[in-house]
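Colleague: Fold the following for me, if possible:
(2 chains)
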Amino acid sequence: MIYNMEYESMEKQDLEQLQIERLQATLHRVYRNVSFYKALYDKEGIQIDSIKSLDDLKKLPFTTKNDLRQSYPYEAFAVPLRDIVRIHSTSGTTGKPIVVGYTKNDLKTWSSLVARILSAAGVTSHDFVQIAFDYSLSTGGFGFHYGAEKIGASVIPYSGDDVMKQIQVMKDYRTTTLVSPPGYALHVASLMEEMGRDTQELNLSTGLFGSEPWSENLRKEIESRLKIETFDNYGLTEIIGPGVAFECEQHSGLHVNEDHFILEIINPETLEEVPSGEQGELVFTTLTKEGFPLIRYRTGDISSIVEGDCACGRTTARISRISGRTDDMIIVDGRNIFPSNIEEILFEIEGIEPHFQIVLSREEGVDVIELKVEVTPNFLPFDEIRKVQVFQEKIAQLLTSQLGIHAKITLAEPKSLKRSTGEKIKRVQDNRK
Amino acid sequence: MIRIRNLEAGYEKLKVLKGISLHVNHGEIVTIIGANGAGKSTLLNTIASLITPSSGEILLQGKDVTLAPPDRIVKEGCVLVPEGRQLFPTMTVKENLILGAYTLFGHKKSNDANMNLEQIYKMFPILNDRQSQLAGTLSGGEQQMVAIGRGLMSNPVLIMMDEPSMGLAPLIVKDIFKVVETLRNQGKTVLIVEQNAKAVLEIADRGYVMETGNLVLEGSAEELLDNNDVRRAYLGKDYKEFTDMGGGE
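Modeller: Model prediction:
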């Protein structure tokens, strides 16, 4: 179902008009209220009034994570602090966290955007939505909570590490919709299988997964093991949280909420716009945020435009599912490799759950890649050195033939690598620096 | 209905509109709120072509009318109900109303004008009673009705109103805004400039906030009512408590 027919299926020219109006208003607000942007535009000699079209947006400098870190905690807010009614922040795994403030209107906007995600996945007021994201400074839990309430679903706010208890709640409370990181869903399936229980004991029909990239293979695995239909969604705390883009029933890319965010895709090296359809870094400009507006924010997430019209009736632009992060990008022998590429390959090999870690180091000036792969509990050849070697060679060969990299393969005990239960997996460990 | 891009206009060397982009969809009531001197009236006067823009674009029902003369704007279906009514006080109510139909005369459409007159009397029965009274002798509210009626005489699709509540008692303001809602229910589109932000946001669908020649906010009326900047700056003393509570910035 389309939650907001008027805005999700606008004519191209109407959308463009709305975007330019909201862009100009946002620029005036950030210039007047955010010292960071005022200083930046003054320094670059940019006249806000010279931004007359969406194309003119290219005249403005990008905003980076680093810019926002320097505004820690509240310097980049565009309203007085008394107007802020909620604070969220990024995890800060790669540096100082970025603190995001929401006004009352921002929270309303946010919940209506999350309502779009849920509606597109067919979730209605008849559903029981179990939210297994952490209710914390990160945006996943609260974002989905208020969005699900907005469409009138029965919300079961249950986060925490005790997956066994969650499975019990899921069963007893007849949860129909699971909202969590993708790895969590897999964890649920594994645990139930370990206990010899059928996942069909659950009433689950729909899964909405996000907060970390997940491959098509992982999707197929979750869908077949839990017997559910899954929907991807995309968002990041700096922009608003979940609600930036989402999958509809066509599962052919994620619709961007273009009435609230202007999308650009750039080459992270040259910073030029990539040709339509090519992979690049997502850049967003917020159009309606009051508390924490951002102009041309570099997300670090890699995706591409999906061309053509979607059969669902929405007219908004679609992006392909996130294939990686610019900072996860490993450059080896001049090749750009994303952990997601490796995930796809590992999945093709039977016997391996897609849990892995890439460790990069440098020996005598040469880059060395080590791939730690976790095996399933029923992985038998552990006792036979020869068989293990064959297995490792098989992975190494596939990595060479498909990605052109030469990696050392290490097998890890089941459950020895860090699981994701709300937190993002740190898949790449770079010891080269 | 109307789509404006980067409109700039002013008076001689004084630039008042510094690049306005806005749109009004068919059947909407859209309001522009803002302080005195923000450029709200200048915007309506520029759309009505009483002021020639120095740059930008105005599309009315898809037609470029940026540099069209005022009478053509009216013929294209857009009228202005000006600030302070601007009636002819020594002419009768009926004469004032008929003046609004000048685009219909000379085109053998005077019958239409008579029909419109009947419609307006139906909408404002009091004007029917007072049709031969001099406009200058009417109360403020009645004068505003004449001004609106005069605008409706040319069968507009888009009615622009400049401060219709100005100088009127609160009860009369309510009546006038009820009329605006009626117009929307009849399929008309309304662009309304107001300093009485609270009253107008109660009937509007969407709105823009104008500050010193720029639009700084666009949103649904509900969103604007919930915006703290709007509440502090434009919603007046009803919200005094709220602003007092917040303490100093």
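Colleague: Quick check: phi and psi on residue 62?
Modeller: Looking at chain A here, since you left the chain open. phi -80, psi 160 (degrees, to the nearest 10).
Colleague: Contacts only, for it.
Modeller: A:271, A:283, A:296-298 (CB atoms under 8 Å, 6 or more residues apart in numbering or on different chains). Backbone N, C-alpha and C define where each C-beta goes, glycine included.
Colleague: Looking at the residues you listed, which are in strands?
Modeller: If you go by DSSP state E, the contacts of residue A:62 have A:283, A:297-298 in strands.
Colleague: Which of these sits closest to chain B?
Modeller: Nearest to chain B among the ones in strands among the contacts of residue A:62 is residue A:297, at 20.4 Å by CB to the nearest CB.
Colleague: Tell me the residues of chain B that contact chain A?
Modeller: Residues of chain B lying close to chain A (CB under 8 Å from any CB of the partner chain) are B:3, B:5-6, B:18-19, B:21-23, B:208-209, B:211, B:214-219, B:223, B:226-229, B:246-247, B:249.
Colleague: So which residues of the stretch 301-433 of chain A form strands?
Modeller: Remark: strands assigned in the stretch 301-433 of chain A by DSSP state E, counting those that start in this stretch are A:305-306, A:318-319, A:324-325, A:330-332, A:335-337, A:352-363, A:366-375, A:407-412, A:428-430.
Colleague: so can I have a markdown table of those showing mean pLDDT?
Modeller: Formatted as a markdown table, the strands of the stretch 301-433 of chain A follow (pLDDT from 0 to 100):
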| stretch | mean pLDDT |
| --- | --- |
| strand A:305-306 | 96 |
| strand A:318-319 | 98 |
| strand A:324-325 | 80 |
| strand A:330-332 | 72 |
| strand A:335-337 | 68 |
| strand A:352-363 | 79 |
| strand A:366-375 | 84 |
| strand A:407-412 | 87 |
| strand A:428-430 | 79 |
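Colleague: hmm, back to that, which of the contacts of residue A:62 are buried, as a PyMOL select command?
Modeller: The PyMOL selection below is limited to those of the contacts of residue A:62 classed as buried (16 or more other CB atoms under 10 Å in any protein chain shown):
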select buried, chain A and resi 283+296+297+298
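Colleague: In TSV: the contacts of residue A:62, plus distance to residue B:83 and pLDDT.
Modeller: Shown next, in TSV, are the contacts of residue A:62 (distance: CB to CB, whole Å; pLDDT from 0 to 100):
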residue	distance to residue B:83	pLDDT
A:271	49	94
A:283	44	98
A:296	40	98
A:297	42	98
A:298	47	97
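Colleague: tell me which of the contacts of residue A:62 is nearest to residue A:319?
Modeller: residue A:283 (11.5 Å; CB to CB).
Colleague: Can you check what pLDDT the model gives the residue nearest to the closest one when sequence neighbours are not counted?
Modeller: Using CB to CB, 6 or more residues apart in numbering or on different chains and skipping the chain neighbours, the partner closest in space to residue A:283 is residue A:264 (4.2 Å). Looking at residue A:264, its pLDDT stands at 98.
Colleague: Which helix or strand contains residue A:264?
Modeller: Using DSSP states H and E, residue A:264 sits in strand A:261-266.
Colleague: Weed out the non-buried ones from the residues of chain B next to chain A.
Modeller: Using 16+ other CB under 10 Å, the buried members of the residues of chain B next to chain A are B:3, B:5-6, B:18-19, B:21-23, B:208-209, B:211, B:214-219, B:223, B:226-229.
Colleague: For residue A:281, give its distance to chain B.
Modeller: If you measure residue A:281 against chain B using CB to the nearest CB, to the nearest Å, the figure is 28 Å.
Colleague: Please, which helix or strand holds that residue?
Modeller: Secondary structure (DSSP H and E) places residue A:281 in strand A:280-286.
Colleague: Kindly report the same for residue B:219.
Modeller: Per DSSP H and E: strand B:214-220 holds residue B:219.
Colleague: same deal with residue A:20?
Modeller: Applying DSSP H and E as the criterion places residue A:20 in helix A:12-33.
Colleague: what angle sits between that helix and strand B:214-220?
Modeller: 120 degrees (axes from the mean of the first three to the mean of the last three CA atoms, to 10 degrees).
Colleague: Find out how far the next helix or strand after helix A:12-33 is from the centre of the chain, if you would.
Modeller: Downstream of helix A:12-33, the next assigned helix or strand under DSSP H and E is helix A:35-44. When C-alpha coordinates are averaged (CA atoms, centre = their mean, to the nearest Å), helix A:35-44 and its chain have centres 30 Å apart.
Colleague: helices and strands around helix A:35-44, which ones?
Modeller: helix A:12-33 (3 or more CB pairs under 8 Å, 6 or more residues apart in numbering or on different chains; DSSP states H and E).
Colleague: The helix it packs on and chain B in contact?
Modeller: Yes: counting by CB under 8 Å from any CB, chain B is contacted by helix A:12-33 at A:14, A:17-18, A:20-22, A:24-25, A:28-29, A:32.
Colleague: out of these, which one sits closest to residue A:111?
Modeller: Proximity of the residues of helix A:12-33 next to chain B to residue A:111 was ranked by CB to CB; the top entry is residue A:22 with 19.1 Å.
Colleague: nearest spatial neighbour of that closest one, skipping sequence neighbours?
Modeller: Residue A:22 sits nearest to residue A:287 (CB to CB, 6+ apart), 3.8 Å away.
Colleague: for residue A:159, same thing?
Modeller: Per CB to CB, 6+ apart, closest to residue A:159 is residue A:134, 4.8 Å.
Colleague: Return the members of the residues of helix A:12-33 next to chain B classed as buried.
Modeller: Neighbour-count burial (16+ other CB under 10 Å) applied to these gives A:14, A:17-18, A:20-22, A:24-25, A:28-29.
Colleague: With respect to residue B:58, which of the residues you listed is nearest?
Modeller: When those are compared against residue B:58 (criterion: CB to CB), the nearest one is residue A:17, at 12.6 Å.
Colleague: Tell me which residues touch that closest one, please.
Modeller: B:3, B:5, B:21, B:23.
Colleague: For those residues, give me JSON lines that also has secondary structure.
Modeller: As requested, these are arranged in JSON lines below (DSSP: H, G, I helix; E, B strand; the rest coil):
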{"residue": "B:3", "secondary structure": "strand"}
{"residue": "B:5", "secondary structure": "strand"}
{"residue": "B:21", "secondary structure": "strand"}
{"residue": "B:23", "secondary structure": "strand"}
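Colleague: Give the buried residues for the longest helix seen in chain B.
Modeller: Scanning chain B for the longest helix, with DSSP state H as the assignment, gives helix B:170-185. Using 16+ other CB under 10 Å as the test for burial, helix B:170-185 gives B:172-173, B:176-177, B:179-180, B:183-184.
Colleague: Identify the residues contacting the residue nearest to residue A:22.
Modeller: A:19, A:22-23, A:26, A:259-262.
Colleague: phi, psi of it?
Modeller: The phi/psi pair for residue A:287 (degrees, to the nearest 10) reads phi -110, psi -20.
Colleague: Let me know the pLDDT of it.
Modeller: According to the prediction, residue A:287 has pLDDT 98.
Colleague: Buried residues, stretch A:129-142. List them.
Modeller: A:129-135, A:137-142.
Colleague: Please flag which of those residues sit within strands.
Modeller: A:129-131.
Colleague: Between those, which sits nearest residue A:149?
Modeller: Taking those together and measuring to residue A:149 by CB to CB, the closest member is residue A:129, at 9.0 Å.
Colleague: Just grab the bridge partners of that closest one for me.
Modeller: Counting by DSSP bridges, residue A:129 is bridged to residue A:155, residue A:177.
Colleague: Residue B:92 too?
Modeller: Bridge pairing for residue B:92 - DSSP bridges - gives residue B:134.
Colleague: Going along the chain, name the helices of chain B.
Modeller: B:40-47, B:70-75, B:93-99, B:110-123, B:125-129, B:140-152, B:170-185, B:197-203, B:221-226, B:228-234, B:240-246.
Colleague: Tell me the bridge partners for residue A:408.
Modeller: Bridge pairing for residue A:408 - DSSP bridges - gives residue A:370.
Colleague: could you dump the buried residues of stretch A:129-142 to JSON lines with pLDDT?
Modeller: Putting the buried residues of stretch A:129-142 into JSON lines (pLDDT from 0 to 100) gives the following:
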{"residue": "A:129", "pLDDT": "98"}
{"residue": "A:130", "pLDDT": "97"}
{"residue": "A:131", "pLDDT": "96"}
{"residue": "A:132", "pLDDT": "94"}
{"residue": "A:133", "pLDDT": "92"}
{"residue": "A:134", "pLDDT": "89"}
{"residue": "A:135", "pLDDT": "91"}
{"residue": "A:137", "pLDDT": "92"}
{"residue": "A:138", "pLDDT": "91"}
{"residue": "A:139", "pLDDT": "95"}
{"residue": "A:140", "pLDDT": "93"}
{"residue": "A:141", "pLDDT": "95"}
{"residue": "A:142", "pLDDT": "96"}
